[in-house]
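In: The amino acid sequence is not available; the structure is as follows:
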């Protein structure tokens with residue numbers, strides 16, 4: 001599995017305790033997964049933590065950094081559910097190498113999902129209803145093409161909201177996660193067609209990964225996430 005390291009020593013985070021009072025804490029150097037295992041109320045973003053009544057129906061992502069992190073949590077729920085189902089019964093003809101790689105990706109996506117769930121704590125969205133019935137999990141082509149869509153989508157989604165994250169620590173975490181998602185995307189593309197890891201449809205003429213807005217991403221995810229998502233207060237450029 002790919003190693004994931006935590007924040008540099010001394011990064012100061014604003015957190016909400018169980019009684020709702022803001023405090024400051026120093027996050028020591030630790031691994032990403034140790035940090036993701038935090039329980040209790042988790043972290044909440046002071047600058048964007050004011051609750052409001054959403055105007056639309058559905059699961060409300062929130063505003064500011066909370067909204068963005070819930071949006072990314074939504075994507076990680078989808079990816080974790082997909083790879084969990086892939087690895088429960090591998091497609092016909094899966095090689096030993098492919099099963100090992102897909103198991104690793106599953107573990108990464110579950111770690112990402114649990115990081116967001118624990119970090120958001122009481123302001124995290126619930127577990128979403130996900131329908132993957134349109135995917136033929138017995139077919140290598142169907143599984144890998146879906147994985148390619150999800151991984152490319154994930155990288156583009158992180159790129160699309162990265163500049164909108166206000167909290168420095170959370171931007172660091174998002175950057176660490178998207179770098180792993182990009183490794184996944186490159187690997188899946190090479191499993192489909194060797195040497196296709198950085199095609200022009202995902203990397204532009206400047207050598208940069210493309211970015212998608214939440215509205216664009218939600219059009220794709222709505223085919224698999226049956227829960228109605230209310231993204232009305234997500235930050236925009």
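Out: Ah, there it is. The structure presented is a predicted model; accordingly, all values stated were derived computationally and were not measured.
In: Tell me the buried residues in the host helix or strand of residue 108?
Out: For residue 108, the element it lies in under DSSP states H and E is helix 96-120. Using 16 or more other Cβ atoms under 10 Å as the test for burial, helix 96-120 gives 98, 101-102, 104-120. C-beta here means a position set from N, CA and C on the backbone, and glycine is covered the same way.
In: Then stretch 127-135?
Out: Of the residues in stretch 127-135, 128, 130, 135 count as buried by neighbour count, 16+ other Cβ under 10 Å.
In: what about the residue nearest the centre of the chain, distance to residue 110?
Out: Centroid check for the chain by Cα atoms, centre = their mean gives residue 76 as the closest residue, at 3.7 Å. For residue 76, the distance to residue 110 (Cβ to Cβ, to the nearest Å) stands at 9 Å.
In: Quick one: low-confidence residue ranges for this protein.
Out: Regions of the chain meeting the criterion pLDDT under 70 cover residues 1-54, 196, 199-202.
In: Quick check: nearest residue in space to residue 130, chain neighbours excluded?
Out: With Cβ to Cβ, 6 or more residues apart in numbering as the criterion, residue 130 has its nearest non-adjacent residue at 4.7 Å, and that residue is residue 81.
In: what about the one you found, which helix or strand?
Out: Going by DSSP H and E, residue 81 is in helix 64-88.
In: which helices and strands sit right next to that helix?
Out: Helices and strands touching helix 64-88, by 3 or more Cβ pairs under 8 Å, 6 or more residues apart in numbering; DSSP states H and E, are helix 96-120, helix 140-161, helix 168-192, helix 214-221.
In: centre of the chain versus the helix holding residue 108, how much separation?
Out: 10 Å (Cα atoms, centre = their mean, to the nearest Å).
In: just the angle between it and helix 168-192, please?
Out: Relative orientation of helix 96-120 and helix 168-192, computed by axes from the mean of the first three to the mean of the last three Cα atoms, to 10 degrees: 160 degrees.
In: Direction-wise, compare helix 96-120 with helix 140-161 and give the angle.
Out: For helix 96-120 against helix 140-161, the angle by the same axes, to 10 degrees is 30 degrees.
In: For residue 148, give its distance to residue 187.
Out: Distance, residue 148 to residue 187, using Cβ to Cβ: 10 Å.
In: Equivalent analysis for residue 166, please.
Out: Residue 166 is 32 Å from residue 187, by Cβ to Cβ.
In: So for those two, which residue has more residues nearby?
Out: Neighbours were counted for residue 166 and for residue 187 using other Cβ atoms under 10 Å; residue 187 has more, 17 against 14.
In: contacting residues for the more buried one?
Out: 101, 105, 197 (Cβ atoms under 8 Å, 6 or more residues apart in numbering).
In: can you do 7 Å?
Out: Residue 187 is in contact with residue 101, counting by Cβ atoms under 7 Å, 6 or more residues apart in numbering.
In: Stretch 180-200: how far from the chain's middle?
Out: Relative to its chain's centre, stretch 180-200 lies at 18 Å (Cα atoms, centre = their mean).
In: Name the residues of that stretch that are buried.
Out: 180-189, 191, 197.
In: which two in those are spaced the farthest apart?
Out: Pairwise distances across the buried residues of stretch 180-200 peak at 16.6 Å for 180 and 191 (criterion: Cβ to Cβ).
In: which residues sit against stretch 151-161?
Out: Contacts for stretch 151-161 (Cβ under 7 Å, 6+ apart): 68, 71-72, 75, 79, 174, 177-178, 181-182, 184-185, 188, 202, 209-214, 217, 220.
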